[in-house]
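Q: could you work out the structure for the sequence below:
(one chain, ligands or ions: 3)
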Amino acid sequence: MSVSDEKAALDVSGIQKAVRWYPPKYDIRVEAVPIPQIIDPDDAIVKVKLAGLCGSDLHIYRGHEDVDADLTCGHELIGEVVALGPSFRPDATGRPELYSTLKVGDKVVSPFTVSCGECHFCRIGFTCRCIHSCLFGIPTLPGGQAQYARIPKAGGTLFNLSSLQSSSGSGEQPWDLSKLSDSSLLLLADILPTGVFAAMQALQHPKIAPILTGKPYPYGGFVPSSPVGQAQASTALQEGDKLLTIGIVGLGPVGVCATVSLLDILAGLGASQGLQYQVIAIDPIESRRTKMEAVYNAIDVSGKGSGRFAVASIEDGKKLASGWTNGAGCNAVLEVVGNNSALTLAYDIVRPFGIISSVGVHQEPPIPFTGRDVYNKNVSFDFGRCPVRAMFPIALEILLKRQDVFGGVGKEASLIDRIVSFDEAPQVYEDFDKGRCGKILFDPWR
Ligand SMILES: NC(=O)c1ccc[n+]([C@@H]2O[C@H](COP(=O)([O-])OP(=O)(O)OC[C@H]3O[C@@H](n4cnc5c(N)ncnc54)[C@H](O)[C@@H]3O)[C@@H](O)[C@H]2O)c1
Ligand SMILES: [Zn+2]
Ligand SMILES: [Zn+2]
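A: Ligands and ions are numbered 1, 2, ... in the order given. The predicted structure is shown next:
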């Protein structure tokens, strides 16, 4: 152990401040709790520099998650490694690279769930369903709204921002992370990859393939070899058939990330293959719509292209989804809310053979569709948690381009509203729950 390691190990004993939630609901306290210790050889201890408050924290806050024990909140963190378990050593071969390269002092961001990097699900890219998956901020795994956090399976879970700085981005250019603010890097823990995921789930869906490839279904994707089919596939679609219409339901911080990511990808497709598209972004809260408009106005044309774009209330959104498509509805809807009214709206505005890409975290009661509803529209649903690790490179590219939106704090077009101390936690939880503020970060050391 080096001198700096010993010093770090000494630093991480004792008591720390943390934001804690008590059942049954709405009870947030700032408390002194023990600093977490290495308990498994694969663990790392991270000194938290910034922690996020997320819409997902609100589900527990509101008592919707059936949690009956107190817990340390939060699942979005960026910080510095201060202690590593014995699995981290230069000769840790045959394991994820970080077991042999991560050092005390490295700057890291943690995805919001643990992933080992060594199981089938991790290898295939479905990292949020790792066999060791565990969400930060539950009674059994204290969260990131603390001065220190324990990261299980840290060699598979963490991203080492210090080493990313010297590795390659797209086009073999090194990623220059030096211009990225820490507050924007925190968004890589969850909400920016989740926004990318919402967009990609829709755009990669086979039901969108006819529009992206110009070939009628099913010939835009995988088909068994068939000469008759190939002849069929050459049938040209008309211009109007190739107009892609996407709705976004929910413009909280995750919805804004989804919109910005979607627009960036669509602008790229517009430039490379002439894709025509239109996007309708919907939220019932006026301040959320105003933020989305300011964000859209701040993005230059390379990041949003020339497609039509509207921000709308629920009623106006329904009218646009119909009016812009001759009554057909949206080809895809991204649902970024997590309640049944949002799912119902998504169903109402999606067209037959459309796709609903849902990243909202849904609770009881059951989803609001009958078998007949889903049969009658041939609608496809994709639900679930974002595999942050798989989305990370695409999210990082967008983060680098979109510092105008993600880089600042508290400006008209900033996604992040404020960075506050833990003492303000009870108030900002309440404000965020009521939609009175946007994305809030905590500085645990203020
Ligand atoms: N799938 C994942 O991995 C993942 C990751 C992060 C967050 N989430 C989830 O994403 C959702 C959004 O998170 P957030 O931080 O943006 O939360 P948020 O609560 O700030 O935003 C939700 C927004 O939805 C709007 N809304 C409510 N009902 C609506 C309706 N019927 N139609 C349209 N809009 C409606 C609200 O006004 C609000 O602006 C949450 O459910 C969160 O748990 C999922
Ligand atoms: Zn989150
Ligand atoms: Zn795994």
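
Q: so which helix or strand takes in the one residue sitting closest to the centre of the chain?
A: In the chain, the centroid-proximal residue (C-alpha atoms, centre = their mean) is Thr194; its distance is 2.0 Å. Using DSSP states H and E, Thr194 sits in helix 191-203.

Q: quick one, helices of the stretch 51-200 of the chain?
A: Secondary structure of the stretch 51-200 of the chain by DSSP state H, counting those that start in this stretch: the helices cover 55-61, 98-101, 120-124, 154-157, 161-164, 182-186, 191-203.

Q: what is the end-to-end distance of stretch 51-58?
A: This stretch, stretch 51-58, spans 15 Å end to end (C-alpha to C-alpha, to the nearest Å).

Q: just to revisit the earlier point, residues in contact with the residue nearest to the centre of the chain?
A: 254, 257-258, 359, 386, 388, 391 (C-beta atoms under 8 Å, 6 or more residues apart in numbering). Yep, even glycine has a C-beta here, placed from its N, CA and C like the rest.

Q: any idea how far it is from Glu31?
A: When distance is defined by C-beta to C-beta, to the nearest Å, Thr194 is 29 Å away from Glu31.

Q: do the same with Lys304
A: 44 Å.

Q: also Leu334?
A: Using C-beta to C-beta, Leu334 is found at 37 Å from Glu31.

Q: likewise Asp300?
A: 45 Å.

Q: so what's the residue count around the residue lying closest to Leu164 once chain neighbours are set aside?
A: Closest residue to Leu164 apart from its sequence neighbours, by C-beta to C-beta, 6 or more residues apart in numbering: Trp175 at 5.8 Å. The tally of other residues near Trp175 (other C-beta atoms under 10 Å) stands at 19.

Q: and for Asn376?
A: 10.

Q: quick one: low-confidence parts of the stretch 151-300 of the chain?
A: 166-174, 227-235 (pLDDT under 70).

Q: do that again at 90, thanks
A: 163-179, 218-240 (pLDDT under 90).

Q: how about the nearest residue to whichever residue of it sits closest to ligand 3, chain neighbours excluded?
A: With C-beta to the ion as the measure, Gly156 is the residue of the stretch 151-300 of the chain nearest to ligand 3, at 6.3 Å. With sequence-adjacent residues excluded and distances taken as C-beta to C-beta, 6+ apart, Gly156 is closest to Gly117, at 2.9 Å.

Q: could you check how many residues crowd around the one you found?
A: 20.

Q: go on, Val19?
A: Look at Val19: counted by other C-beta under 10 Å, it has 29 neighbours.

Q: before we move on, which element is it in?
A: Take DSSP H and E as the rule and Val19 turns out to sit in strand 15-22.

Q: tell me which strands and helices that strand is in contact with?
A: Under the contact criterion of 3 or more C-beta pairs under 8 Å, 6 or more residues apart in numbering; DSSP states H and E, strand 15-22 touches strand 27-34, strand 71-72.

Q: hmm, back to that, more crowded one of Asp300 and Glu31?
A: Counted by other C-beta under 10 Å, Asp300 and Glu31 do not tie: Glu31 has more neighbours, with 15 against 10.

Q: quick revisit: closest one of the contacts of Thr194 to ligand 2?
A: Using C-beta to the ion, the contacts of Thr194 come closest to ligand 2 at Val254, 7.7 Å.

Q: could you list which residues are in contact with that closest one?
A: Here Val254 is in contact with 54-55, 191, 194-195, 198, 336, 359 (criterion: C-beta under 8 Å, 6+ apart).

Q: what's the burial count for the nearest residue to His64 once chain neighbours are set aside?
A: With sequence-adjacent residues excluded and distances taken as C-beta to C-beta, 6+ apart, His64 is closest to Gln363, at 4.5 Å. Gln363 is flanked by 13 other residues according to other C-beta under 10 Å.

Q: might you report the residue contacts of Gln363?
A: Going by C-beta under 8 Å, 6+ apart, Gln363 touches 59, 64-65, 338.

Q: kindly reformat these as CSV containing pLDDT and distance to ligand 1.
A: What follows is the contacts of Gln363, written out as CSV (pLDDT from 0 to 100; distance: C-beta to the nearest ligand atom, whole Å):
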residue, pLDDT, distance to ligand 1
His59, 93, 6
His64, 88, 10
Glu65, 86, 10
Gly338, 94, 3
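
Q: tell me the spacing between the residue of the stretch 151-300 of the chain closest to ligand 3 and Pro387.
A: Distance from Gly156 to Pro387, by C-beta to C-beta: 13 Å.

Q: got it, and Arg129?
A: Using C-beta to C-beta, Arg129 is found at 8 Å from Pro387.

Q: neighbour-wise, which of those two wins?
A: Using other C-beta under 10 Å as the criterion, Arg129 and Pro387 rank with Pro387 on top: 24 against 16.
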